[in-house]
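S.K.: this one's structure only:
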């Protein structure tokens, strides 16, 4: 099972690397960036879904490896978890120029890869980091009617049915928000406590 999951993830990586039809492919090549597929356990119970790679991520090919990643690691440690136990990825696998928000057509282009990653890993909980991943995941799992601003629904648990069974969706602030608004760190810590109970 583990080998099969690894092989399926390798296929996704190969496809993304060669995804010349991507609206961000030319930018990736020009800037000598790397696509960021995801990392962590292929048997993870918890899957974190961010929005798109930043500068550090695009240079290393690893998700959440800069300042926001350090905050994510600290939050995981606060509930006694290591990032090796979870799976971390983004909807968009290439960096949008100047760290701008991903465009709808970029989300649409990369979303099928994320859908496949969810099917392969079969997490029990999907924690969305930021409003773009929150909207995409909640729409995907037929929870559109529950969508409100992230400040209103962060830390709430929504249940959905998926091909392999039940899954819980927990919207959260993106860890990068703490860099601009340190007071949100307490909210994130509380949301991670919710995560630990699920």
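M.R.: Structure received. For clarity, every value in this text was computed on a predicted model and none was experimentally measured.
S.K.: Tell me, what's the model's pLDDT at the residue of the chain positioned farthest from its centre?
M.R.: Distance to the chain centre peaks in the chain at residue 30, reaching 24.9 Å (criterion: C-alpha atoms, centre = their mean). Residue 30 carries a pLDDT score of 93 in this model.
S.K.: so how far is residue 37 from it?
M.R.: For residue 30, the distance to residue 37 (C-beta to C-beta, to the nearest Å) stands at 20 Å. C-beta: built from backbone N, CA, C; applies to glycine.
S.K.: got it, and residue 64?
M.R.: Counting by C-beta to C-beta - residue 64 and residue 37 are separated by 13 Å.
S.K.: And residue 178, by the same measure?
M.R.: Distance from residue 178 to residue 37, by C-beta to C-beta: 25 Å.
S.K.: what does residue 136 give?
M.R.: 17 Å.
S.K.: Just say helix, strand or coil for the residue minimising distance to the centre of the chain.
M.R.: The centroid of the chain falls nearest to residue 49 when counting by C-alpha atoms, centre = their mean (1.5 Å). In three-state terms, and counting by DSSP: H, G, I helix; E, B strand; the rest coil, residue 49 is strand.
S.K.: ok, now residue 20?
M.R.: Classified using three-state DSSP, residue 20 is coil.
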